[in-house]
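Trainee: Kindly return the folded structure for what I paste below:
(one chain, ligands or ions: 2)
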Amino acid sequence: MKDILLGVNVDHIATLRQARGTTYPDPAHAASVAEHAGADGITIHLREDRRHIQDRDVYVMKETLQTRMNLELAVTDEMLTIACEVKPEFCCLVPEKREELTTEGGLDVAGQQDKINQAVAQLAAAGVKASLFIDADKSQIDAAVLSQAPFIEIHTGCYADAPTEELQLQELARLKGAIEYAHSVGLKVNAGHGLHYFNVKPIAAIPEIVELNIGHAIVARAAIDGLDKAVRDMKRLMIEARL
Ligand SMILES: CC(=O)[C@@H](O)[C@H](O)COP(=O)(O)O
Ligand SMILES: NCC(=O)COP(=O)(O)O
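Mentor: Residues are numbered from 1 along each chain as shown. Ligands and ions are numbered 1, 2, ... in the order given. Now for the predicted structure:
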């Protein structure tokens with residue numbers, strides 16, 4: 001059986017922190033817990049609007065991660081400068097829209113080939129392996145090969161969000177075809193977005209996938225699984241205060 005890696009995305013821990021402007025919960029702390037639980041890497045997305053991960057988090061995690069950082073970034077001068085300074089092991093280039101709830105689609109590599117080629121070369125010169133977050137589309141895969149990025153991450157959102165089982169099976173077949181093709185042309189293939197406890201298995205079974213990046217479902221599960229202890233701890237403190 002071939003190994004598959006899990007990259008845990010801790011953006012959603014930072015979302016909770018930013019909602020109140022507190023210092024907790026700390027994504028670096030969450031990353032450490034995830035690593036102790038077996039995460040093979042930590043994914044963070046420094047969005048241009050800084051809605052969750054902050055610059056400071058990136059620099060702190062560069063010092064504290066025991067595994068490796070996969071830093072997701074938009075293809076802008078500001079972000080590429082940060083990536084070249086931080087030098088994460090991987091940098092995943094993603095599309096970004098300010099008003100989106102989450103990353104809605106893959107990066108259009110074919111439509112901005114020169115810009116992506118330059119970004120991949122800039123990262124490579126800094127010793128950072130680039131990954132391109134793309135849809136399961138042959139023309140985007142071919143463009144990724146042209147860019148010389150060693151990795152792609154296939155966006156699994158269309159599969160995860162498919163409204164019926166039939167459409168989900170169609171999406172799964174499309175993902176499998178694209179992943180097989182990408183692997184055959186020499187790319188290392190990761191996948192992720194929208195994966196959760198009830199839809200991950202058919203994706204994890206695709207043998208060419210190196211790593212899955214999963215965040216929202218894991219953080220949501222952690223909140224529910226940890227709630228019992230969290231309530232007990234608070235109640236105990238309150239009772240202790242009256243003793
Ligand atoms: C590119 C990607 O899929 C992740 O960065 C994911 O989007 C993280 O969550 P947000 O979309 O909430 O930033
Ligand atoms: N690149 C996908 C990712 O990092 C995690 O996405 P999600 O599980 O939070 O939807």
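Trainee: F90 and K229: what is the separation?
Mentor: F90 sits 34 Å away from K229, going by C-beta to C-beta, to the nearest Å. For the C-beta atoms, the positions are set from N, CA and C on the backbone; glycine is no exception.
Trainee: now swap in E89 and tell me
Mentor: 33 Å.
Trainee: repeat for Q113
Mentor: With C-beta to C-beta as the criterion, Q113 and K229 are 51 Å apart.
Trainee: for this protein, what's the longest helix?
Mentor: Ranked by residue count under DSSP state H, the longest helix found in the chain is helix 216-241.
Trainee: Could you check it against ligand 2 for contacts?
Mentor: Yes: shown here: helix 216-241 in contact with ligand 2 (C-beta under 6 Å from any ligand atom) through H216, A217.
Trainee: Now that helix: buried residues?
Mentor: Neighbour-count burial for helix 216-241 flags H216, A217, I218, V219, A222 (criterion: 16 or more other C-beta atoms under 10 Å).
Trainee: out of those, who's near ligand 1?
Mentor: For ligand 1, no contacts are drawn from the buried residues of helix 216-241 by C-beta under 6 Å from any ligand atom.
Trainee: can you redo those residues as a markdown table with distance to R236 and pLDDT?
Mentor: Below are the buried residues of helix 216-241 laid out as a markdown table (distance: C-beta to C-beta, whole Å; pLDDT from 0 to 100):
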| residue | distance to R236 | pLDDT |
| --- | --- | --- |
| H216 | 30 | 98 |
| A217 | 30 | 98 |
| I218 | 27 | 98 |
| V219 | 25 | 98 |
| A222 | 21 | 98 |
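Trainee: of all these, which comes closest to M61?
Mentor: V219 (15.8 Å; C-beta to C-beta).
Trainee: isn't that closest one right up against R17?
Mentor: No: V219 is beyond contact range of R17, at 11.7 Å (criterion: C-beta atoms under 8 Å).
Trainee: Around ligand 1, which positions in the protein sit nearby?
Mentor: N9, D11, H45, R47, E72, V94, T102, T103, F133, H193, G215.
Trainee: can you count the residues close to the fifth one?
Mentor: Other residues lying near E72 total 27 when counted by other C-beta atoms under 10 Å.
Trainee: what does the third one give?
Mentor: The local packing count at H45 equals 24, with neighbours defined by other C-beta under 10 Å.
Trainee: For it, give me its contacts.
Mentor: Taking C-beta atoms under 8 Å, 6 or more residues apart in numbering, we find H45 in contact with N9, D11, H52, I53, L71, E72, L73, V94, T103.
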